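S.K.: structure, please.
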Amino acid sequence: MIVGVLALQGGIEEHVKALEALGVQTRKVRVPKDLDGLDGIVIPGGESTVMDKLARTFCVAEPLAALIREGLPVFATCAGLIYLAQKLENPARGQQTLGVLDVVVRRNAFGTQRESFDTTVDVAWDGASFEGVQASFIRAPIVTECGAVQAIGVLKTGEVVGVRQGNIVALSFHPEETGDYRIHQAWLDLIGKQAELAI
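M.R.: Numbering: from 1, shown residues only. The predicted structure follows:
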């Protein structure tokens, strides 16, 4: 299995560390040819506006969106969730997204960097349940409207902070920052199941 990490900006190394700790070969994705032969891709947190601009500059946005629509498994955190969304409540001027995830997202929903916080979140999908996932919320977004997606993580205060749509798992928070890799492993298990179905 080869898993790419979109390596334009943001928390790239933390996801590489998590995946390699789970025994997965990784590849940093910066240009279209880096997408060749991937079994899945991680879109990390960071600055969604910068990620968008760099992805278009390096001509990786369109082929990445096409592969996701064709079924490439994706795991996104924080800015990655923003970048996947079909619509943003409060986009920056000129900001674009890949438009592959049927949600509306609000950027910086909890405030500035100073309002960042750590908590635990229960995450569940398809009979799998992960209680008390360690989660860092850093200028985090929330999902304000869900289309054809499954809410897989909700804070006790009611905010949707995790969704799944077919081949996409997207979170508002950063499990890779805490060393709690259960969600990474569960997503890798999904890739394995998808590969078995394709045989």
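S.K.: mind checking the SS state of the residue nearest to the spatial centre of the chain?
M.R.: The chain has residue 76 as the residue nearest its centroid, 0.6 Å off, counting by CA atoms, centre = their mean. Three-state assignment for residue 76 (DSSP: H, G, I helix; E, B strand; the rest coil): strand.
S.K.: what's near enough to touch it?
M.R.: Residues near residue 76 by CB atoms under 8 Å, 6 or more residues apart in numbering: 42, 43, 44, 83, 84, 168, 169, 170, 171. The C-beta positions use only the backbone N, C-alpha and C, and glycine is treated the same way.
S.K.: low-confidence ranges, the chain, go.
M.R.: Low-confidence segments of the chain (pLDDT under 70): 195-199.
S.K.: what's the longest helix in it?
M.R.: If you go by DSSP state H, the chain has its longest helix at helix 182-198.
S.K.: could you list the buried residues of that one?
M.R.: Within helix 182-198, the residues scored as buried using 16 or more other CB atoms under 10 Å are 183, 184, 185, 186, 187, 188, 190, 191, 194.
S.K.: ok, stretch 93-109 next?
M.R.: Using 16+ other CB under 10 Å as the test for burial, stretch 93-109 gives 95-98, 100-107, 109.
S.K.: quick one: which of those residues is nearest residue 5?
M.R.: Nearest to residue 5 out of the buried residues of stretch 93-109 is residue 98 (CB to CB; 15.7 Å).
S.K.: leaving aside the residues next to it on the chain, what's closest to the closest one?
M.R.: Excluding the flanking residues, the one nearest residue 98 by CB to CB, 6 or more residues apart in numbering is residue 65, at 4.4 Å.
S.K.: tell me the helices and strands packed up against the helix or strand harbouring that neighbour.
M.R.: Using DSSP states H and E, residue 65 maps to helix 61-69. On a contact count with 3 or more CB pairs under 8 Å, 6 or more residues apart in numbering; DSSP states H and E, helix 61-69 meets helix 48-57.
S.K.: got the angle for the helix it packs on vs helix 61-69?
M.R.: 100 degrees (axes from the mean of the first three to the mean of the last three CA atoms, to 10 degrees).
S.K.: okay, helix 48-57 in PDB with CA atoms only?
M.R.: Only the C-alpha atoms of helix 48-57 are listed here, as PDB (Å, rounded to 0.1, in the frame of the first residue of the first chain):
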ATOM      1  CA  SER A  48      -6.700  26.300   3.400                       C
ATOM      2  CA  THR A  49      -6.300  29.400   1.300                       C
ATOM      3  CA  VAL A  50      -2.600  28.800   0.700                       C
ATOM      4  CA  MET A  51      -3.200  25.100   0.000                       C
ATOM      5  CA  ASP A  52      -5.800  26.100  -2.600                       C
ATOM      6  CA  LYS A  53      -3.400  28.600  -4.300                       C
ATOM      7  CA  LEU A  54      -0.500  26.200  -4.400                       C
ATOM      8  CA  ALA A  55      -2.500  23.300  -5.600                       C
ATOM      9  CA  ARG A  56      -3.700  25.300  -8.600                       C
ATOM     10  CA  THR A  57      -0.200  26.700  -9.200                       C
END
